[in-house]
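Student: Would you be able to build a 3D model of this:
(one chain, ligands or ions: 1)
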Amino acid sequence: MIGSNVKVMIGLESHIQLKTESKLFCSCSTNSTKSKPNENTCQICLGFPGSKPTLNEEAVRKAIALAKILNCKINEYSRFARKIYFYPDLPKGFQITQYDEPLAVKGEFSIEQNGKKKTINITRVHIEEDPGKIEYIGGHIGTAQQVLVDYNRSGLPLCEAVTEPDFENIDEAVTYVRKLFHLLSYLDLIDPNQEGVMRTDANISIDGGERVELKNISGSDAVEKSLKAELNRQMFLKAQSKKVERETRMYSEETGTTILLRKKEYEEEYGYIREPDLLPIIVNESLVNEIKGQMKKLPEEVEHEILTKYKLPKQIAHQLAFKRGLYEYYIECAKKLKNVDLLARWLVGDFLKCANWHNYEIEHCPSVERFLELMQLIEKGKITEREGKELIKKMFDEPKKSLKELQTKGEIDLDSTIKTVIKENQKAVDMIRSGDEKSINFLVGQTLRKINFKGDPNEIRRVIQKELEKKSEK
Ligand SMILES: [Zn+2]
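Tutor: A predicted model of the protein is given here:
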């Protein structure tokens, strides 16, 4: 394993885009999927002189919920600050963030790796606004021919969660990012389909040397790749007895290595000042309790509920609880179907398999009504398990067709299937014609195989005989 003979220290700072209707300090929409670049902007998020920010309460509530997931202590009193720097994505010339008085501090988050539990200490959670989005056309930051800025992202509500450098290997860091992302999606605090919804900066050092910051990594796979590349680079320097310098780098997909962005600046260089246009955030215990009370259930709570209420096997309960959408789908179905055990097995079995195959979220899957119609046929023994499996596949493939249409489709197909089988097995056909009656069984078998054994063999035999007669008449 890379880095197994050195002491690795990794700390993560994740910038998490909270799921809100409007931006952090103005009423512009956060949803830019159907907008043109720079359409969702106003004088506040474009930083016009004299414009004043108004804090979005929904963002603060979600930030508090996030801090609770990380088991942080919520500060009764927190304040915004201006982080002053110049960059084209920041038209105000400063970013509104929190500095020395953050929303929450001193949290703990437990991760599990190969059955071993570990607690990661959380330094702080604070709220800040997102800068705009820079697009490099025709290359990356060092090589682009053209640079465009889209301010639709400017002012989106972010929560930054900072860990202590507690990760001792890359796998732990990746596990943390995956678990946190899953939980935040599960509790509806983020929109997992939003581009760049969780962007991570990672600090990594080996053997107590200088730490290097890797910027703006989107997604857990990218966290893994970038950290591996940077660890390799540091180990290579060490092998040559060279020093690792404190700097900011980024991963390049093209070269598979990290490239230098800048020599690391220190926090003091930003010249933070208190934000004079915003009041402090005051959070009392009753507000925290209210938010906690409104939070959706955690996966382990859902699993416990499934186990006690529906008495399902633990493995199945675990699978159902892992995806909130699937669990809610199950609850809906269970209201109308007696055999909840059968239902659960089909959901985590063929239903989930098809959903994964199509890469569908639950809202794109067949509706509860359609699925229940099928489950009732299975429950009453009106179709075989094999037919059920086929029908589920078809429901995903042809979402507009009714169950009846999907069922009858097989019969329509029978004629053409038999024609194909006859064409493909000319030798058997010749044997039948020369009087070997038994060879017709072979054709029946071949046809049944093609239609997944969901036809009546006698009926198939009859159609084959008719088809062969037709042919010999010609
Ligand atoms: Zn705005």
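Student: Tell me both backbone torsions, phi and psi, for Met395.
Tutor: phi -60, psi -40 (degrees, to the nearest 10).
Student: Once you drop chain neighbours, what's closest to it?
Tutor: Distance criterion CB to CB, 6 or more residues apart in numbering; nearest residue to Met395, sequence neighbours excluded, is Pro366 at 4.5 Å. (C-beta placed from N, C-alpha, C; glycine too.)
Student: Surely Ser205 is within a helix?
Tutor: No. Counting by DSSP: H, G, I helix; E, B strand; the rest coil, Ser205 falls outside a helix, being strand.
Student: how about the residue nearest to Met395, what does it touch?
Tutor: Shown in contact with Pro366 (CB atoms under 8 Å, 6 or more residues apart in numbering): Met395, Phe396, Pro399.
Student: wait, which of these is closest to the ion?
Tutor: Nearest to the ion out of these is Pro399 (CB to the ion; 38.1 Å).
Student: Give the closest residue to that closest one in space, chain neighbours not counted.
Tutor: Leaving aside its sequence neighbours, Pro399 sits nearest to Pro366 (CB to CB, 6+ apart; 6.6 Å).
Student: Which elements pack onto the biggest helix by length in the chain?
Tutor: Of all the segments of type helix in the chain, defined by DSSP state H, the longest one is helix 403-424. Packing partners of helix 403-424 (3 or more CB pairs under 8 Å, 6 or more residues apart in numbering; DSSP states H and E): helix 368-379, helix 385-397, helix 439-450, helix 457-473.
Student: Provide the angle between the direction of that helix and the direction of helix 439-450.
Tutor: Orientation of helix 403-424 against helix 439-450 (axes from the mean of the first three to the mean of the last three CA atoms, to 10 degrees) gives an angle of 140 degrees.
Student: I'd like to know which elements the helix or strand that comes right after helix 403-424 is packed against.
Tutor: Moving toward the C-terminus from helix 403-424, the next helix or strand (DSSP states H and E) is helix 426-433. Where contact means 3+ CB pairs under 8 Å, 6+ apart, helix 426-433 is packed against helix 439-450, helix 457-473.
Student: May I see the buried residues of helix 426-433?
Tutor: Applying a neighbour-count criterion of 16 or more other CB atoms under 10 Å, one finds Ala428, Val429, Met431, Ile432 buried in helix 426-433.
Student: Tell me which two in the residues you listed are the farthest apart.
Tutor: Pairwise distances across the buried residues of helix 426-433 peak at 7.3 Å for Val429 and Met431 (criterion: CB to CB).
Student: Mutual contacts of those two, please.
Tutor: Any residue near both Val429 and Met431 by CB under 8 Å, 6+ apart counts here, and that gives Ser439.
Student: What strand or helix carries the closest residue to Lys215 other than its chain neighbours?
Tutor: Among residues not flanking Lys215 along the chain, Met250 sits closest, at 5.0 Å (CB to CB, 6+ apart). Here Met250, judged by DSSP H and E, is contained in strand 247-252.
Student: what's that strand packed up against?
Tutor: strand 212-218, helix 220-239, strand 257-263.
Student: and if we set it to 6 Å?
Tutor: strand 212-218, strand 257-263 (3 or more CB pairs under 6 Å, 6 or more residues apart in numbering; DSSP states H and E).
Student: most packed of these?
Tutor: When the helices and strands packed on strand 247-252 are scored by mean count of other CB atoms under 10 Å, the highest mean neighbour count falls to strand 212-218 (a mean of 19).
Student: still on that earlier bit, please tell me how far the residue nearest to Met395 sits from Arg82.
Tutor: Counting by CB to CB, to the nearest Å, the gap from Pro366 to Arg82 is 51 Å.
Student: Check Lys215 too.
Tutor: Lys215 sits 21 Å away from Arg82, taking CB to CB as the criterion.
Student: Count residues in the vicinity of Arg178, would you?
Tutor: Arg178: 16 surrounding residues under other CB atoms under 10 Å.
Student: Name the nearest residue to it, sequence neighbours excluded.
Tutor: Ser220 (4.8 Å).
Student: my guess is that neighbour contacts Val174, does it?
Tutor: Yes. Between Ser220 and Val174 there is a contact at 5.2 Å, judged by CB atoms under 6 Å.
Student: Burial check on the residue in the stretch 101-250 of the chain positioned nearest to the ion, number of neighbours?
Tutor: Taking CB to the ion, the ion has its nearest neighbour within the stretch 101-250 of the chain at Gly155, 5.6 Å off. Gly155 is flanked by 30 other residues according to other CB under 10 Å.
Student: For the spatially closest residue to Arg249 that is not a sequence neighbour, give me its contacts.
Tutor: Spatially, and ignoring its direct neighbours in sequence, Arg249 is nearest to Thr258 (4.2 Å; CB to CB, 6+ apart). Each residue near Thr258 by CB atoms under 6 Å, 6 or more residues apart in numbering is listed here: Ala229, Glu230, Arg249, Tyr251.
Student: Then Asn441?
Tutor: Contacts for Asn441 were tallied using CB under 6 Å, 6+ apart; there are none.
Student: again, only this time at 10 Å
Tutor: Counting by CB atoms under 10 Å, 6 or more residues apart in numbering, Asn441 touches Ala428, Ile432, Pro457, Arg461.
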